[in-house]
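**Q** Prediction below, plus the sequence it came from.
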Amino acid sequence: MAWETVIGLEIHTQLATRSKIFSGAPTTFGAAPNTQACAIDLGLPGVLPVLNRQAVVLAVRFGRAIEAEIAERSIFARKNYFYPDLPKGYQISQYELPVVGRGRVTIVLDDGSLKTIGVTRAHLEEDAGKSLHEDFHGLTGIDLNRAGTPLLEIVSEPDMRSAKEAVAYARKIHQIVRWIGISDGNMQEGSFRVDANVSVRREGEARLGTRTELKNLNSFRFLEKAITFEVERQIELIEAGSRVVQETRLYDPERDETRSMRTKEEANDYRYFPDPDLLPLVLDTAFIEQAAADLPELPDAKRERFRTAYGHTEYDASLLTANRELADYFEAVAAAGGDAKLAANWVNGELAAALNRDGREMTESPVSAEMLGGLITRIRDNTISGKLAKQVFEAMWNGEGDADAVIAARGLKQLTDSGEIERIIDAIVAANPEQAAQYRSGKDKVFGFFVGQVMKASKGKANPQQVNELLKARLKP
Amino acid sequence: MSLDRADVEKIAHLARLALSESETERYALDLSNILGLVEAMGAVDTAGVTPMAHPLHMAQRLRADEPTEPDQRALFQSIAPLTEEGLYLVPRVIE
């Protein structure tokens, strides 16, 4: 029996504002408990929420980046439930009229084909506080610093058909929010949280199966593993003649399984209604245009441009546009070095490997784009060979100065004086008469031996092309 | 449409309200009457009327994104029943 998996994702991304969405309390991460929770965040009587302009601007920017409709009028609603980290007894969110309407993003599948994933909506809301269940002698500790932090909840259509597609979509949204600077996307700090709605149905069945909602997926790896486990579980249930129960399940990374959360009896009975403390959010064209005015070139557009303008493969172009810092770095290297293909090879090759090895971010590279461009310039004008260039790169990485300084200090300048190369060749040929005779009698393979000897004698500095030509001439029968 | 006792008990529980027997009876009647009023209004033709989200005909004003609230934890926690290490302590909740 063939089964089809259906996945939709809800992504909560924390917006990069300095103050909270409805109060002037700061949003700095890691402050001492409750030092960033003001009277509004605490839900004290008599307070009024006032909407943060920047949160709206960032939401609009996201909407534009996914080609979504931006609502000229949207409404804030109260989502009512009781939990100690939600002091008001309701979360201010948007329900019927969200600020960002239907949009879409494109993901690249494993076989290189493209797939469009629909975004149903994205709405503004406030975050809740944090509950700490350990170490308080049977009580729960509440930290409300996070309460009131602005979130954009991005809801997808149930368009994904595998765990891999879900990860590709989540990564795409993650790339976009960081690229356009609306969120730092830090998953460890909870700035980017993914919930997955997962169901299965028999192939060809039009109706969706009963879904479960997976939570606690704080990495892309866990997202993939949790969905893979859950799909298996649901199929086994149905094939055993049982049924899937609609519920929320927590992923346990240590056991690599999903577990039912104790179902709240009032689950999903949130009794949304318009918040009387907040007026409708009305955005005119000028506001929307201004918010979107400084949007950078988006990753997909940049990838396409890299492909057409620089002749990169889809793969190289995708790697180079993984994040904005990398794409900017690459363009600066290409400009400084004057060769986009070499620039791509070096950025995706040596540089990526070195960053990875030392666990550094792109912005922490000791080799600046100008330095790498300088190295490429010296490869192009034959000052150094490609092989020695790797040595120069390592030296630059270790702080020995720019390419020219390293080449001078280490005496790596390529040997291009043909008289000098000929002298080395003469000595090698004279020292190996047997191999020379073999070559002349038609044993072409011996040629490689001579190239190796000459390169060794020149300490790798002889220009390989010249060595080839001069050797051929010298060994001619 | 009318509400019965079970409906009222459910709503009261969601709102964490403790109602006595007689209150439950009375609210079932009162709330049913309110729903009757809403039903009567349903007869009005509202095609083309934007649903009202707020009685004031004004738009939301926006605030500049600047931290303006100082830390007043000590003051706020002076009225809390129980605190420790800066945290508010509440009866244990398990997810």
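**A** Good, I have the coordinates.

**Q** Which elements pack onto the strand of greatest length in chain B?
**A** Counting residues, the longest strand in chain B under DSSP state E turns out to be strand B:87-91. Packed against strand B:87-91, as judged by 3 or more Cβ pairs under 8 Å, 6 or more residues apart in numbering or on different chains; DSSP states H and E, are the following elements: strand A:139-143. Using the backbone N, CA and C atoms, a C-beta is placed for each residue, glycine as well.

**Q** Would you give the sheet partners of the strand it packs on, along with the direction of each?
**A** Strand A:139-143 has these partner strands in its sheet, going by DSSP bridges: strand A:130-132 (antiparallel), strand B:87-91 (antiparallel).

**Q** What is the distance between the first one and the centre of its chain?
**A** Distance, stretch centre to chain centre, for strand A:130-132: 28 Å (Cα atoms, centre = their mean, to the nearest Å).

**Q** pLDDT of it, averaged?
**A** Looking at strand A:130-132 alone, the average pLDDT works out to 91.

**Q** for stretch A:317-332, same thing?
**A** Computed over stretch A:317-332, the mean pLDDT rounds to 92.

**Q** got a list of contacts for it?
**A** Judged by Cβ atoms under 8 Å, 6 or more residues apart in numbering or on different chains, the contacts made with stretch A:317-332 from elsewhere in the structure are A:108, A:175, A:178-179, A:296, A:299, A:302-304, A:306-307, A:310, A:312, A:343-344, A:347-348, A:352, A:361-363, A:365, A:369-370, A:373.

**Q** and residue A:278, how many neighbours?
**A** Counted by other Cβ atoms under 10 Å in any protein chain shown, the residues lying close to residue A:278 total 20.

**Q** Does it touch residue A:52 like I think?
**A** No: between residue A:278 and residue A:52 there is no contact under Cβ atoms under 8 Å: 11.9 Å.

**Q** And the helices in the stretch 51-200 of chain A?
**A** All helices of the stretch 51-200 of chain A, identified by DSSP state H, counting those that start in this stretch, fall at A:53-65, A:163-179.

**Q** about what we covered before: quick one: which of the contacts of stretch A:317-332 sit in helices?
**A** Among those, the residues falling in helices (DSSP state H) are A:175, A:178-179, A:299, A:302-304, A:306-307, A:310, A:343-344, A:352, A:369-370, A:373.

**Q** Output those of those residues also counted as contacts of chain B.
**A** Restricting the ones in helices among the contacts of stretch A:317-332 to those adjacent to chain B (criterion: Cβ under 8 Å from any Cβ of the partner chain) removes every one of them.

**Q** The longest strand of chain B: which residues count as buried?
**A** Buried residues in strand B:87-91, counting neighbours by 16 or more other Cβ atoms under 10 Å in any protein chain shown, are found at B:87, B:88, B:89, B:90.

**Q** how about CSV for these, with pLDDT added?
**A** CSV is the format used below for the buried residues of strand B:87-91 (pLDDT from 0 to 100):
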residue, pLDDT
B:87, 96
B:88, 96
B:89, 95
B:90, 94
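
**Q** Is it possible to get TSV of these that adds distance to residue B:14?
**A** TSV is the format used below for the buried residues of strand B:87-91 (distance: Cβ to Cβ, whole Å):
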residue	distance to residue B:14
B:87	27
B:88	23
B:89	25
B:90	19
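
**Q** Where does pLDDT dip in chain B?
**A** Applying pLDDT under 70 to chain B flags the ranges B:94-95.

**Q** Identify, by residue count, the longest helix of it.
**A** What stands out as the longest helix in chain B, according to DSSP H, is helix B:21-41.

**Q** Can you point out the buried residues in it?
**A** Buried positions in helix B:21-41, judged by neighbour count with 16+ other Cβ under 10 Å: B:24, B:27, B:28.

**Q** How about stretch A:117-129?
**A** For stretch A:117-129, a neighbour-count test (16+ other Cβ under 10 Å) marks A:117, A:119, A:120, A:121, A:122, A:123, A:124, A:125, A:126, A:127, A:128, A:129 as buried.

**Q** Enumerate every residue touching the fourth one.
**A** Contacts here follow Cβ under 8 Å, 6+ apart; on that basis residue A:121 touches A:98, A:100, A:101, A:102, A:155.

**Q** wait, doesn't the third one sit right on residue A:71?
**A** Yes: at 6.0 Å, residue A:101 and residue A:71 qualify as touching, with contact defined as Cβ under 8 Å.

**Q** more crowded one of those two?
**A** residue A:71 (23 against 17).

**Q** Next, work out how far apart that one and residue A:153 are.
**A** According to Cβ to Cβ, to the nearest Å, residue A:71 stands 15 Å off from residue A:153.

**Q** for residue A:218, same thing?
**A** Residue A:218 sits 16 Å away from residue A:153, going by Cβ to Cβ.

**Q** One more: residue A:105?
**A** Per Cβ to Cβ, residue A:105 is found 16 Å from residue A:153.

**Q** List the residues that contact the residue in chain B sticking out farthest from the centre.
**A** Note on chain B: the largest C-alpha distance from the chain mean falls to residue B:85, namely 31.2 Å (Cα atoms, centre = their mean). With contacts taken as Cβ under 8 Å, 6+ apart, residue B:85 has the following neighbours: A:33, A:141.

**Q** what are the phi and psi angles of the closest residue to residue A:127 other than its chain neighbours?
**A** Closest residue in space to residue A:127, ignoring its immediate chain neighbours: residue A:149 at 4.1 Å, by Cβ to Cβ, 6 or more residues apart in numbering or on different chains. The phi/psi pair for residue A:149 (degrees, to the nearest 10) reads phi -70, psi 140.

**Q** okay, now residue 18: neighbour count?
**A** Answering for chain A, as no chain was given. By other Cβ under 10 Å, the residues close to residue A:18 number 14.

**Q** My question was about chain B, not that one.
**A** For residue B:18, the neighbour count with other Cβ under 10 Å is 7.

**Q** okay but it is in contact with residue B:12, surely?
**A** Yes: with contact defined as Cβ under 8 Å, residue B:18 and residue B:12 form a contacting pair (7.5 Å).

**Q** Let me see the ranges of the helices in the stretch 301-450 of chain A.
**A** Counting by DSSP H, counting those that start in this stretch, one finds helices in the stretch 301-450 of chain A at the ranges A:314-320, A:324-337, A:340-346, A:352-358, A:369-380, A:386-397, A:403-410, A:418-431, A:433-440, A:446-457.
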